[in-house]
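Peer 1: here are the coordinates; sequence isn't available:
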């Protein structure tokens, strides 16, 4: 029934509000507000977590846990590199999506756009792992390959003369030079 669905949705929102992840997001956003332009520096969230931990958070976060990431790539970039880093981070996505939109008109472009958007949404609630980051870099490389025009290969004949002792002079060996 609708009442049960509403109750379960209310419970989900209530659980999310009181989760340790939400507390981490509050710390990261508070750190961003303190230094909005350049942030606190790369890999500084462990320090931010320890210094900005409020005593009432211990009701939600066990005391033996230390977080080194706010479980949001976007918030981590905001707190570590500020607006400058956030603009740079988002510009990678925007430029790759723009390249795909302008230069591809097939299903490969749509698949690559979907991968980029999925990676961005994944980063809203999780932090980057080496495997996810590697997939992202390979995706960007494949986007470059798909959107860059292919170079044509031109060959030219070059006539060379070899003169060696004991061999006859004037032999013409045709060699190919590869021009890209």
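Peer 2: In hand now; what should we look at? Just so you know, these numbers come straight off a predicted model, no measurement behind them.

Peer 1: what sits closest to residue 24 if chain neighbours are left out?
Peer 2: Using CB to CB, 6 or more residues apart in numbering and skipping the chain neighbours, the partner closest in space to residue 24 is residue 70 (4.3 Å). (Glycine included, C-beta is placed from N, CA and C.)

Peer 1: so who does that neighbour touch?
Peer 2: 24, 25, 27, 28, 45, 49, 76, 79, 127 (CB atoms under 8 Å, 6 or more residues apart in numbering).

Peer 1: in JSON lines, list those along with distance to residue 97 and neighbour count.
Peer 2: Shown next, in JSON lines, are those (distance: CB to CB, whole Å; neighbours: other CB atoms under 10 Å):
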{"residue": "24", "distance to residue 97": "28", "neighbour count": "25"}
{"residue": "25", "distance to residue 97": "25", "neighbour count": "18"}
{"residue": "27", "distance to residue 97": "30", "neighbour count": "23"}
{"residue": "28", "distance to residue 97": "25", "neighbour count": "27"}
{"residue": "45", "distance to residue 97": "28", "neighbour count": "24"}
{"residue": "49", "distance to residue 97": "33", "neighbour count": "22"}
{"residue": "76", "distance to residue 97": "21", "neighbour count": "28"}
{"residue": "79", "distance to residue 97": "25", "neighbour count": "30"}
{"residue": "127", "distance to residue 97": "22", "neighbour count": "18"}
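
Peer 1: show me which pair in the residues you listed is furthest apart.
Peer 2: Largest separation among the contacts of residue 70 by CB to CB: 27 and 127, giving 13.8 Å.

Peer 1: contacts only, for residue 126.
Peer 2: Per CB under 8 Å, 6+ apart, neighbours of residue 126: 71, 72, 73.

Peer 1: so in the chain, which helix runs the longest?
Peer 2: helix 73-103 (DSSP state H).

Peer 1: can you tell me what sits against the next helix or strand after it?
Peer 2: Scanning forward in sequence from helix 73-103 by DSSP states H and E, the next helix or strand is helix 107-125. By CB under 8 Å, 6+ apart, the residues outside helix 107-125 that reach it are 21, 71-74, 93, 96-97, 100-101, 103-104, 132, 135-136, 139, 142-143, 146.

Peer 1: buried ones in the longest helix of the chain?
Peer 2: Across helix 73-103, burial judged by 16 or more other CB atoms under 10 Å covers 73-82, 85-86, 89, 93, 96-97, 99-100.

Peer 1: and it with helix 107-125, angle?
Peer 2: 170 degrees (axes from the mean of the first three to the mean of the last three CA atoms, to 10 degrees).

Peer 1: in contact with the nearest residue to residue 140 once chain neighbours are set aside, which residues?
Peer 2: Leaving out its chain neighbours, the residue that sits closest to residue 140 by CB to CB, 6+ apart is residue 96, at 6.1 Å. By CB under 8 Å, 6+ apart, the contact set of residue 96 is 116, 140, 143.

Peer 1: before I go, just wanted to say thanks for your time.
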